[in-house]
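> A structural model of the following input is requested.
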Amino acid sequence: MKAYKPIIFLLLFCLPMAMTAQVGDMKSGAKGGSIESGGGGGDDWWILVDFAFDFFFAGGYGLFFGFADEPRPNDKDFNEYPYADGFNGLHLPEREGGRLGRLQLVGHFQNNEDNVYGAYFQAKFHPDRFWIIDANHLELFETFDDQKGIERLSMTNFNVQINRIHHPKFNFFWGGGLMLLDVDPVYASPSLSGGFTWYFKKPLSLHTEAQIGWPNGNYARNHQARMQVHLDRFMIYAGYQGTKVGGVGVANWAMGTGVWF
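The predicted structure is shown next:
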């Protein structure tokens with residue numbers, strides 16, 4: 001169990017951060033309105049670049065891509081689907097033959113028990129055992145009681161990720177790509193992403209992931225944590241989904257399903 005203590009710190013990153021505002025406020029903040037933006041514009045990217053440069057020269061290459069003596073992704077194949085053999089999650093142990101690629105599709109409904117609801121869809125394609133191509137889309141809606149109509153916000157992410165840790169019981173991935181924030185107009189930004197899945201006991205697993213970007217100079221984040229129940233090739237799940245733009249965010253519960261091909 002001690003080997004999984006870092007999961008506690010990774011999960012804290014994905015938990016709600018006192019987010020009580022609504023979709024209309026997020027849209028106002030993204031457009032540069034009076035809502036506190038919390039973003040630092042282009043200067044933030046120079047800080048990130050400088051930090052990454054120093055970190056890599058201090059041994060970060062092994063942390064991000066792999067150390068010299070650890071098993072490589074090409075030493076481990078994919079399971080037919082999580083727990084297909086009754087013991088292992090998405091990956092098999094070394095020298096056990098399996099699939100070379102995987103495709104996962106998920107979708108869920110979410111709600112904040114007030115007047116915000118939405119839907120989330122994701123396709124995660126493993127063309128081989130090292131790379132992941134991820135595309136996901138979030139739609140949020142806020143309804144009003146005074147005939148003002150409906151406020152809408154959507155976020156789309158396209159990512160190329162590295163399958164960094166591929167233990168049969170634990171997977172960790174990270175990467176980056178493009179974030180599109182549609183608040184009428186649409187703003188685009190480079191983005192960072194990462195997450196993990198812990199297959200701790202059949203038929204259950206714990207999954208978290210987060211994506212961050214700076215569309216129109218405003219910090220934006222989409223993150224989730226969910227408990228998954230695996231039913232052979234299919235799964236059902238329930239958990240938390242949070243969205244934040246600038247200093248404004250909304251927290252939702254989520255229920256959905258997924259399938260592996």
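> buried residues in the helix or strand where Tyr237 lies?
Here Tyr237, judged by DSSP states H and E, is contained in strand 234-245. Neighbour-count burial for strand 234-245 flags Met235, Tyr237, Gly239, Tyr240, Gln241, Gly242, Thr243, Lys244, Val245 (criterion: 16 or more other CB atoms under 10 Å). For the C-beta atoms, the positions are set from N, CA and C on the backbone; glycine is no exception.
> Which pLDDT value goes with the third one?
Meaning Gly239. Here the pLDDT value assigned to Gly239 is 96.
> Surely it is in contact with Ala251?
No - with contact defined as CB atoms under 8 Å, Gly239 does not reach Ala251; the gap is 11.3 Å.
> quick revisit: how far out from the middle of the chain is the strand holding Tyr237?
9 Å (CA atoms, centre = their mean, to the nearest Å).
> Tell me which helix or strand comes right after that strand.
strand 248-260.
> what's in contact with stretch 131-139?
118-127, 152-163, 173, 175, 177, 193, 211, 222, 241, 243 (CB atoms under 8 Å, 6 or more residues apart in numbering).
> Can you show me the CA trace of stretch 217-236 as PDB?
Only the C-alpha atoms of stretch 217-236 are listed here, as PDB (Å, rounded to 0.1, in the frame of the first residue of the first chain):
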ATOM      1  CA  GLY A 217      -4.800  35.100 -20.800                       C
ATOM      2  CA  ASN A 218      -7.100  33.500 -18.300                       C
ATOM      3  CA  TYR A 219      -6.300  30.400 -16.300                       C
ATOM      4  CA  ALA A 220      -8.700  27.600 -17.200                       C
ATOM      5  CA  ARG A 221      -9.000  24.100 -15.800                       C
ATOM      6  CA  ASN A 222     -11.100  21.000 -16.400                       C
ATOM      7  CA  HIS A 223     -10.600  18.200 -13.900                       C
ATOM      8  CA  GLN A 224     -12.400  15.100 -12.600                       C
ATOM      9  CA  ALA A 225     -12.200  12.300 -10.100                       C
ATOM     10  CA  ARG A 226     -14.400   9.200 -10.500                       C
ATOM     11  CA  MET A 227     -14.900   5.700  -9.100                       C
ATOM     12  CA  GLN A 228     -15.300   3.100 -11.900                       C
ATOM     13  CA  VAL A 229     -17.000  -0.300 -11.900                       C
ATOM     14  CA  HIS A 230     -15.800  -2.600 -14.700                       C
ATOM     15  CA  LEU A 231     -18.300  -4.900 -16.300                       C
ATOM     16  CA  ASP A 232     -16.100  -6.800 -18.800                       C
ATOM     17  CA  ARG A 233     -15.600  -4.500 -21.800                       C
ATOM     18  CA  PHE A 234     -18.000  -1.900 -20.400                       C
ATOM     19  CA  MET A 235     -17.900   0.200 -17.200                       C
ATOM     20  CA  ILE A 236     -20.100   2.600 -15.200                       C
END
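> buried sites along it?
Buried residues in stretch 217-236 (16+ other CB under 10 Å): 217-226, 228, 230, 235.
> Skip the chain neighbours and tell me the closest residue to Ile165.
Phe172 (3.9 Å; CB to CB, 6 or more residues apart in numbering).
> Pull the distance from the helix or strand harbouring the one you found to the chain's centre.
Taking DSSP H and E as the definition, one finds Phe172 inside strand 170-182. Between the centre of strand 170-182 and the centre of its chain there are 6 Å (CA atoms, centre = their mean).
> Kindly report the same for stretch 131-143.
Taking CA atoms, centre = their mean, one finds the center of stretch 131-143 at 9 Å from the center of the full chain.
> now Glu80, what's its secondary structure?
Using DSSP: H, G, I helix; E, B strand; the rest coil, the structure places Glu80 in coil.
> Please name the nearest non-neighbouring residue to it.
Arg99 is the one closest to Glu80 (CB to CB, 6+ apart), at 6.4 Å.
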